[in-house]
Every structure is written in structure tokens, then in C-alpha cells.
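*Asks:* After the sequence you'll find the predicted model.
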Amino acid sequence: MGKTYERIDGRLREFIEAQPVFFTATAPLDPGGHVNVSPKGRSGTLRVLDERRVAYLDFGGSHAETIAHLRENGRITLMWCAFDGPPKIVRVHGSGEPVFRDDPRFADLVAGFGEADGPGLRAVVVVTAELVSDTCGYAVPFLDYRGERELHAQHFGRKSDEEFRAYCEGKPHNSASIDGLPALPMPVPPRG
């Protein structure tokens, strides 16, 4: 049976921190707009900040839907599934904020991620939980975790920060979502 919680307690925190992948879900306010679900991985790029907040590193890519939706309305749900061990799904329903490179909070937030920081980082997304829930996950299949994909880090690791910024500016769905909402601020600020 599913339960709801007011905070991310020790047991939920342990479960969240043990999962190698999680998913973000956001949507624009316009009912005709597109809902977005994104997988997130890369070891060490998610942190539980306290009993009400989590943060993750948002690296560059060809779209910035999550950022656009957060800038418009802040609504976000994060989800973790157990692909091994006892069946479980945990969701954090809340409000999110992208903290961009030129925000005074950016450096301190990034420092907490240690070696997970890397080339191609465009924001830190901070999510404040309004509701935490878990469900059984009985239908989630068993999957074997084989390791991290290094392709993303390698691709952006070959780019200077200036080249990364040009990459972001050259992708139409980095400055605006597929529904035309403002996404990344342009020009992308340099790393300090």
C-alpha cells in the first residue's frame, strides 16, 4: 500500500541515494502543451540536501524542457524505482527552481557535488518537496545495473566552456521549449 510523508526521512533518503537513475516530470500550464519526462543519471549528480529538498546537476543537451517548465510554473515530480531488491517506487512532488551559472548560489551548490561536477553543467535544479510518496512497484521489472555511460561526459569534456555555450545557443530547444516557453537564459553565462 502506498503512503505519503511530509519529509524525506532516513529510510527514504537511503533508498533515493541508492538508485542509479531517476526521472523528472514537468508540464506547462497550457493544457495543450507537452508534458515532459526525462531520465537522469550520472553517479553523484543528485543530492538530498535536507528533509525537504533535493538537488541535481542539469547538464547540457539538445533540449531544456524541464528548465522551461520550472521557469514558467515550478511544478515538478521526481521518481525513483527499485530495479533490484524489494519492489518500491518513491516520488517527490514539489516545486523546482533552476539555479543558473550567474546565480550567487550556484558555486556553493555545485561544490557539494564534488567530483560529479563536470563540463557541460548549465544549472543546478533544487526541488522542495511538498509531498513525498511511495508505492509498491510490483510491476517494475528487475534490471541489472551494468555501469555508467560515459558518452555524455566525454562529449562535453572535449568542449571548452566557450564551445559548450555556443552549442547551447545553437540548439533551438535550449533557449525555448518545444512549446515556445523561455528555457536557458541566453547567452549562457560562463562558469565562474
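*Replies:* Done, it's in. Numbering: from 1, shown residues only.
*Asks:* beta partners of residue 36?
*Replies:* Partner residues in beta bridges with residue 36: residue 26, with DSSP bridges as the criterion.
*Asks:* Give me the pLDDT value at residue 2.
*Replies:* Predicted confidence (pLDDT) at residue 2: the value is 84.
*Asks:* For burial, what's the neighbour tally of it?
*Replies:* Neighbourhood size, residue 2 [other C-beta atoms under 10 Å]: 10. For every residue, glycine as well, the C-beta is placed using N, CA and C.
*Asks:* check contacts around the residue lying closest to it once chain neighbours are set aside.
*Replies:* Spatially, and ignoring its direct neighbours in sequence, residue 2 is nearest to residue 135 (4.1 Å; C-beta to C-beta, 6 or more residues apart in numbering). For residue 135, the set of contacting residues under the criterion of C-beta atoms under 8 Å, 6 or more residues apart in numbering consists of 2, 88-89, 91.
*Asks:* Backbone dihedrals for residue 135, please?
*Replies:* The main-chain torsion angles of residue 135 are listed as degrees, to the nearest 10 and equal phi -140, psi 170.
*Asks:* Could you check how far it is from residue 170?
*Replies:* Residue 135 sits 41 Å away from residue 170, taking C-beta to C-beta, to the nearest Å as the criterion.
*Asks:* Phi first, then psi, for residue 125.
*Replies:* The phi/psi pair for residue 125 (degrees, to the nearest 10) reads phi -100, psi 120.
*Asks:* what bridges to it?
*Replies:* Counting by DSSP bridges, residue 125 forms beta bridges with residue 56, residue 98.
*Asks:* Count the neighbours of residue 132 for me.
*Replies:* 22.
*Asks:* One more: residue 172?
*Replies:* 11.
*Asks:* same check, this time on residue 105
*Replies:* 12.
*Asks:* Phi, psi for it please.
*Replies:* Per degrees, to the nearest 10, the residue geometry at residue 105, taken as phi and psi, is phi -80, psi -20.
*Asks:* show me what contacts it?
*Replies:* Taking C-beta under 8 Å, 6+ apart as the contact definition, residue 105 lies against residue 99.
*Asks:* picking that back up, dump the contacts of residue 135 to TSV, plus distance to residue 64 and secondary structure.
*Replies:* TSV is the format used below for the contacts of residue 135 (distance: C-beta to C-beta, whole Å; DSSP: H, G, I helix; E, B strand; the rest coil):
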residue	distance to residue 64	secondary structure
2	32	coil
88	30	coil
89	26	strand
91	23	strand
